[in-house]
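A.B. asks: coords please:
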Amino acid sequence: MHDAIQMERLGVPAALLITEPFQEIVDSVSPTLGADSYPTAVLPHPVSALGQPELAVLAKSVVDLVSSQLTD
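C.D. replies: Down below sits the predicted model:
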């Protein structure tokens, strides 16, 4: 999250993808980094056990959200 916020400050669009257990951390830490709320794409946890076909489906499910975060 820190990297994404720093990139945004440098004018480079960034998107933050996290898994569900990390949402609470993002909500509590983002204000300390100067971003009262930071948009995230929240993925189911865990993703490390997913195979290529499942990862492709997951990626397709968030591509529009991430795209809008990068262009808005």
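A.B. asks: all helices for the protein, in order.
C.D. replies: 2-9, 23-29, 52-71 (DSSP state H).
A.B. asks: Can you tell me what sits against the second one?
C.D. replies: What that stands for is helix 23-29. Contacts to helix 23-29, defined as C-beta atoms under 8 Å, 6 or more residues apart in numbering, come from residues Met1, Leu16, Ile18, Ser37, Tyr38, Thr40, Val42. Backbone N, C-alpha and C define where each C-beta goes, glycine included.
A.B. asks: can you rerun that using 10 Å?
C.D. replies: 1-2, 4-5, 16, 18, 22, 33, 35-40, 42, 45 (C-beta atoms under 10 Å, 6 or more residues apart in numbering).
A.B. asks: buried sites along that helix?
C.D. replies: The neighbour-count check on helix 23-29 (16 or more other C-beta atoms under 10 Å) flags Val26 as buried.
A.B. asks: distance between it and the chain's centre?
C.D. replies: Relative to the chain's own centre, helix 23-29 is displaced by 12 Å; criterion: C-alpha atoms, centre = their mean, to the nearest Å.
A.B. asks: export the helices of the chain to JSON lines and tack on mean pLDDT?
C.D. replies: As requested, the helices of the chain are exported to JSON lines (pLDDT from 0 to 100):
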{"stretch": "helix 2-9", "mean pLDDT": "91"}
{"stretch": "helix 23-29", "mean pLDDT": "92"}
{"stretch": "helix 52-71", "mean pLDDT": "96"}
